[in-house]
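Enquirer: Need coordinates for the following:
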Amino acid sequence: MTNFSKTQTLIEQMVSQHVVPGVSFAFITDSQAQLHYQGQSQWVPTEKPLKPDQYYDMASLTKVMTTTLMILKLINAKQLSLQTPIQQFLPEFQDDRVTVQHLLTHTSGIAGYIPHRNELPAPQLKAALLQLPVGPGFEREVKYTDIGLIFLGFIIEAIYQQPVQQVLTDQVLKPLGLAQSTFTPDKAQTIPTVYDPKTGLLQGVVHDPKARILGIHCASAGLFSTLPDTVKFARYMLGQYVPETAPVDQHVLADLYQNYSNLPDQPRSLGWDLRQGFGDQHWLLYHTGYTGTFMALDRQNQNAMIVLTNRIHPTGHNETFLQRRDEIVAAFAQESI
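Expert: This is a model prediction of the structure:
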């Protein structure tokens with residue numbers, strides 16, 4: 001079994017050095033999963049211990065755990081292709097150059113300022129997003145944003161004529177047997193994110209403002225999950241867990257370990273970020289969530305790491321965590337041999 005002692009020490013230090021209240025983390029090696037829980041679930045207004053099976057706001061891990069798989073399923077079923085112009089499904093969008101692949105690789109260049117964005121009701125926010133222009137970064141740079149995956153959610157809704165979170169639940173979460181992954185968690189079972197003295201703890205409600213406004217129509221954030229369920233998802237991505245009803249076959253997942261951005265110095269897979277493994281420089285799939293969640297998958301060596309925290313508790317800003325996260329991912333890549 002691969003030894004992740006250095007990586008584990010770095011993760012545990014985030015708790016002992018009060019970078020985060022607590023951490024639920026797992027290593028998967030040779031089909032075996034080791035799950036660990038350490039620290040507190042919250043510091044304020046009172047300290048509470050961390051328990052197994054509590055729900056985390058997965059933030060942008062929603063993108064890879066649900067939306068990316070759903071788009072791959074539609075591509076597999078020939079209902080979409082990577083080259084499909086998004087205007088075909090979203091006629092309000094003005095630029096006919098932008099394709100599904102641009103959205104998945106964050107190379108669309110779609111950007112712009114939406115006045116009072118966090119105060120708009122859902123229909124107006126959707127309309128404003130679809131009016132955003134394509135900037136000079138089109139096909140020239142990877143710029144990670146939520147917009148691409150929100151748009152892919154709108155495309156899924158156009159195809160299914162249902163709210164995207166319902167489609168993701170029916171077509172991805174249920175077929176994968178992810179019974180502890182949901183867009184409507186039990187508040188009491190959920191680890192809180194930020195604390196505001198006026199409004200109290202944000203708990204069981206998605207932290208991301210756009211996701212809060214769009215609600216059931218948001219495909220970029222909104223998923224809540226537990227460590228055991230996230231481990232199950234990772235094992236599916238590694239090919240160690242293959243339910244008959246899986247949304248896409250393993251050959252589709254194996255094909256993700258390559259650069260789809262067409263930019264050699266800014267590699268991105270479909271939906272996923274890429275990191276290089278140690279030694280032969282093979283690719284690892286990697287993704288993060290703003291709330292303090294991240295995951296790295298090494299299919300070649302059949303290893304994975306999952307780290308779930310609430311790094312924005314209690315106040316939101318936590319630069320130390322971001323630096324530590326980079327060190328942890330680098331250590332995992334080095335020890336995953």
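
Enquirer: just checking, Pro264 is part of a helix?
Expert: No. Assessed with DSSP: H, G, I helix; E, B strand; the rest coil, Pro264 is coil; it does not lie in a helix.

Enquirer: Local confidence estimate at it?
Expert: Pro264 is assigned 96 on the pLDDT scale.

Enquirer: Also the one 10 residues further on?
Expert: Predicted confidence (pLDDT) at Leu274: the value is 98.

Enquirer: just Met1 next, same as before
Expert: The pLDDT attached to Met1 in the predicted structure is 63.

Enquirer: wait, isn't Gln334 in contact with Arg275?
Expert: No. Counting by C-beta atoms under 8 Å, Arg275 is not a contact partner of Gln334; they are 11.0 Å apart. For glycine as for every other residue, the C-beta is placed from the backbone atoms N, C-alpha and C.

Enquirer: higher neighbour count, these two?
Expert: More neighbours surround Arg275 than the other of Gln334 and Arg275, with 17 against 14 (other C-beta atoms under 10 Å).

Enquirer: so what's the more buried one up against?
Expert: By C-beta atoms under 8 Å, 6 or more residues apart in numbering, the residues touching Arg275 are 283-284, 286, 296, 329, 333.

Enquirer: hmm, try it at 6 Å
Expert: The contact partners of Arg275, by C-beta atoms under 6 Å, 6 or more residues apart in numbering, come to 284, 286, 333.

Enquirer: In helices, which of these fall?
Expert: Judged by DSSP state H, those include Ala333 as members of helices.

Enquirer: which of the contacts of Arg275 lies closest to Leu223?
Expert: Tyr286 (17.6 Å; C-beta to C-beta).

Enquirer: quick one, what contacts the closest one?
Expert: 273, 275, 296.

Enquirer: at 8 Å instead, please
Expert: Residues counted as contacts of Tyr286 (C-beta under 8 Å, 6+ apart) are 272-275, 294-297, 329.

Enquirer: any chance of these in TSV, with secondary structure too?
Expert: Listed next are the contacts of Tyr286 as TSV, based on three-state DSSP:
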residue	secondary structure
Trp272	coil
Asp273	strand
Leu274	strand
Arg275	strand
Phe294	strand
Met295	strand
Ala296	strand
Leu297	strand
Val329	helix
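
Enquirer: Could you single out the nearest of those residues to Asn118?
Expert: Within the contacts of Tyr286, proximity to Asn118 (C-beta to C-beta) peaks at Phe294, which comes in at 25.0 Å.

Enquirer: Go ahead and report the secondary structure state at the closest residue in space to that closest one that isn't next to it in sequence.
Expert: Nearest residue to Phe294, sequence neighbours excluded (C-beta to C-beta, 6 or more residues apart in numbering): Thr288, at 4.3 Å. Three-state call for Thr288 (three-state DSSP): strand.

Enquirer: Neighbours of Thr288, how many?
Expert: 20.

Enquirer: pretty sure it contacts Ser60?
Expert: Yes. Counting by C-beta under 8 Å, Ser60 is a contact partner of Thr288 at 6.5 Å.

Enquirer: Low-confidence stretches in this structure?
Expert: Within the chain, the segments meeting pLDDT under 70 span 1.
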